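Trainee: model the structure of this input:
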Amino acid sequence: MTLAANDGVNGVALGVFIFFFLAVTVIGFMAARWRRAENEQSLDEWGLGGRSFGTWVTWFLLGGDLYTAYTFVAVPAAVYAAGAAGFFAVPYTILVYPLIFTFLPRLWSVSHKHGYVTTSDFVRGRFGSKGLSLAVAVTGILATMPYIALQLVGIQAVLDVMGIGGSGNWFLKDLPLLIAFAVLAAYTYSSGLRAPALIAFVKDGLIYLVILVAIIYIPIKLGGFDDIFAAARHKFETPNAAGKPTGALVPPEAGQWTYATLALGSALALFMYPHSITATLSSRSRNVIRRNTTILPLYSLMLGLLALLGFMAIAAGVKVKNGQLAIPQLFEDMFPDWFAGVAFAAIGIGALVPAAIMSIAAANLFTRNIYKDFLKPDATPAQETKVSKLVSLLVKVGALVFVLTMDKTVAINFQLLGGIWILQTFPALVGGLFTRWFHRWALLAGWAVGMAYGTLAAYGVASPTQKHFGGSSKNIPGIGEIGYIGLTAFLLNVAVTVVLTVVLRALKAPDGVDETSPEDYTADAGDPGVQTELPPATAGSTH
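Mentor: Residues are numbered from 1 along each chain as shown. Predicted coordinates:
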């Protein structure tokens, strides 16, 4: 992955990048002393920051969690390559916030009341089913792994554009990425969720600064938005080798089903990811969650401006072999070297924060819902914390191997597959927050059908570079339109769940024990009995 435009290392940009990287490294290790608890050997402390974060810390943490280096690179890259289709991320982030306003406070309350650390903890407690809980946990881990890998891809893109990726020696080429990985692993192991929570302030501040400067400075240099949109229109209307337009400023009628279903399916899936829930459960009250759902849309405004950078890259004449490099190369070409370094630091740090949260979330799932549920039921809080720390390292190693040994397009397509998978946990998680009607066996069967259909359908999608898993859209059975595979699989999942629930209820199949009660779903931190009912591992750690 090299750029013809690069004729050497950009020393000034690299120096600025290293300065910010060292700064956040120091912050990451210092975070271990921030709000330190008397007993640090529990997942509440290491994996959820003591469930003590207020509105602004949670806002930056969720923003750092959801708006990643991959977002910074891939959303405008999609606009650069195909035009309006790349803007699907904007409507889906608008759709998601009213949705999460309805169920995240309920999840926080019941999790706080019972000491749940993961979504699988809740599913096991609600439906009395370790099998269903295991399915949710395995899905979460599988969906998270390629997502972490893509954060490392974002760092690689920045390093390549700065000229570091051009070495013929594989070790020297990948050494900066290995160093970044080692530092990330070290401060995550030491500080847990507190590290990305503190670093998120720096990361989001830099991203807002870079986007605000870019949206003003770059159009001035390019002659204004009229010229930018004219250049984009000209590119997309120019036929490719097959004689077809390469994209469009407005989604064509044939692509509207794809656009709409991808936006809706992505909105439903976003807060099913374990890292989204980990950041949510780290907050100290349900009102913090409610307030965050009202101010998080500020990031959607930022995302809309970010997507416009794809059109600017076209107008600036950026030519890259890999579309993921378009925006870093735009910054390299348009900004002074020192500010290009700031922009590269924003992308690099934008990779470190979500990668840390994702690895913690995946480790918590393994520890609570595989290790403790099936391997060592009598594990102490200290043992749980130790296992989670070690697994967080293994998850990062797996992501690093994935990035270093596989084509970047494969990583992106597996992340799309992860979105299809994680959406299949929606009926158990969100459905369980509002009703106990669904039968646990029906939910498990629906999950299995959704996973099988989604995986097989994605396997059959080819792209110019891959025979299989080449995309996430396919013909919708019975409709004849091209749509998001994940949403089709989700509808099949729901249909199977509902039908089987009716059958199993009629047959009086044994139901699991529900350890929750209706008042648990509206409980707050200050309510009587909430803290006293927490398990010993978490009692006293909630502020």
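
Trainee: please identify the helix or strand for the nearest residue to residue 330 once chain neighbours are set aside.
Mentor: In space, and not counting its chain neighbours, residue 330 is closest to residue 313: 4.4 Å by CB to CB, 6 or more residues apart in numbering. Using the backbone N, CA and C atoms, a C-beta is placed for each residue, glycine as well. Using DSSP states H and E, residue 313 sits within helix 309-315.

Trainee: state the mean pLDDT of that helix.
Mentor: Averaging pLDDT along helix 309-315 yields 94.

Trainee: distance from the chain centre to it, please.
Mentor: Helix 309-315 sits 25 Å away from the centroid of its parent chain (CA atoms, centre = their mean, to the nearest Å).

Trainee: helices or strands up against whatever helix or strand comes next after that helix?
Mentor: Using DSSP H and E, the next helix or strand after helix 309-315 towards the C-terminus is helix 326-334. For helix 326-334, the elements it packs on are helix 69-82, helix 130-161, helix 194-222, helix 309-315, helix 337-366, judged by 3 or more CB pairs under 8 Å, 6 or more residues apart in numbering; DSSP states H and E.

Trainee: ok so, going back, so who does the residue nearest to residue 330 touch?
Mentor: 76, 80, 326-327, 329-330 (CB atoms under 8 Å, 6 or more residues apart in numbering).

Trainee: change it to 6 Å
Mentor: Residues in contact with residue 313, defined by CB atoms under 6 Å, 6 or more residues apart in numbering, are 80, 326, 330.

Trainee: just the closest of those residues to residue 495, please.
Mentor: residue 80 (38.2 Å; CB to CB).

Trainee: quick check: closest non-adjacent residue to the closest one.
Mentor: Per CB to CB, 6+ apart, closest to residue 80 is residue 310, 3.8 Å.

Trainee: picking up where we left off before, nearest to residue 177 among the contacts of residue 313?
Mentor: Nearest to residue 177 among the contacts of residue 313 is residue 326, at 20.0 Å by CB to CB.

Trainee: you'd agree the closest one is up against residue 319?
Mentor: No - using CB atoms under 6 Å, residue 326 is not in contact with residue 319; the gap is 9.0 Å.

Trainee: those two: which is more packed in?
Mentor: residue 326 (27 against 11; other CB atoms under 10 Å).

Trainee: how close does the more buried one sit to residue 483?
Mentor: 27 Å (CB to CB, to the nearest Å).

Trainee: now residue 80
Mentor: 24 Å.

Trainee: of the two, who's got more company?
Mentor: Using other CB under 10 Å, the more surrounded residue of residue 80 and residue 483 is residue 80, with 27 against 23.

Trainee: contacts only, for the more buried one.
Mentor: Neighbouring residues of residue 80 by CB under 6 Å, 6+ apart: 310, 313, 323, 326.

Trainee: identify the residues contacting residue 187.
Mentor: By CB under 6 Å, 6+ apart, the residues touching residue 187 are 28-29, 195.

Trainee: for it, what is the enclosing helix or strand?
Mentor: Using DSSP H and E, residue 187 falls in helix 170-191.

Trainee: give me the mean pLDDT for that helix.
Mentor: On average, helix 170-191 scores 81.

Trainee: for stretch 499-510, same thing?
Mentor: 96.

Trainee: how about that stretch: buried residues?
Mentor: Going by neighbour count (16 or more other CB atoms under 10 Å), the buried part of stretch 499-510 is 500-501, 504.

Trainee: with stretch 48-57 instead?
Mentor: 48-53, 55, 57.

Trainee: if we can go back for a sec, dump the contacts of residue 187 to a markdown table, plus pLDDT.
Mentor: Formatted as a markdown table, these follow (pLDDT from 0 to 100):
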| residue | pLDDT |
| --- | --- |
| 28 | 87 |
| 29 | 87 |
| 195 | 89 |
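
Trainee: and those residues, which are buried?
Mentor: Judged by 16+ other CB under 10 Å, buried ones among the contacts of residue 187: 28, 195.

Trainee: out of the contacts of residue 187, which is nearest to residue 162?
Mentor: residue 28 (22.0 Å).

Trainee: roughly how far apart are the closest residue to the closest one other than its chain neighbours and residue 275?
Mentor: The spatial neighbour of residue 28 that comes closest, neighbours along the chain excluded (CB to CB, 6+ apart), is residue 187 at 3.2 Å. According to CB to CB, residue 187 and residue 275 sit 17 Å apart.

Trainee: burial measure for residue 95, as a count.
Mentor: 17.

Trainee: helix, strand or coil: sort out it for me.
Mentor: Taking DSSP: H, G, I helix; E, B strand; the rest coil as the rule, one finds residue 95 in the helix state.

Trainee: also residue 465?
Mentor: Reduced to three states with three-state DSSP, the structure at residue 465 is coil.

Trainee: for it, grab the count of nearby residues.
Mentor: 10.

Trainee: again, but for residue 307
Mentor: The number of residues packed near residue 307 is 22, by other CB under 10 Å.

Trainee: then residue 8?
Mentor: Neighbours of residue 8 (other CB under 10 Å): 8.

Trainee: follow-up on the earlier one: okay, the helix holding residue 187 in CSV with CA atoms only?
Mentor: C-alpha atoms of helix 170-191 as CSV (Å, rounded to 0.1, in the frame of the first residue of the first chain):
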residue,chain,number,x,y,z
TRP,A,170,8.6,-5.6,6.2
PHE,A,171,9.9,-5.2,9.8
LEU,A,172,10.9,-1.6,9.4
LYS,A,173,7.7,-0.8,7.5
ASP,A,174,5.5,-2.2,10.2
LEU,A,175,7.7,-1.2,13.2
PRO,A,176,5.7,2.1,13.9
LEU,A,177,2.5,0.1,13.9
LEU,A,178,4.0,-2.5,16.3
ILE,A,179,5.2,0.3,18.6
ALA,A,180,1.7,1.9,18.6
PHE,A,181,0.2,-1.5,19.3
ALA,A,182,2.6,-2.2,22.2
VAL,A,183,1.9,1.2,23.8
LEU,A,184,-1.8,0.8,23.4
ALA,A,185,-1.7,-2.7,24.9
ALA,A,186,0.4,-1.5,27.9
TYR,A,187,-1.7,1.4,29.0
THR,A,188,-5.0,-0.5,28.4
TYR,A,189,-3.7,-3.3,30.6
SER,A,190,-2.6,-0.9,33.3
SER,A,191,-5.4,1.6,33.3
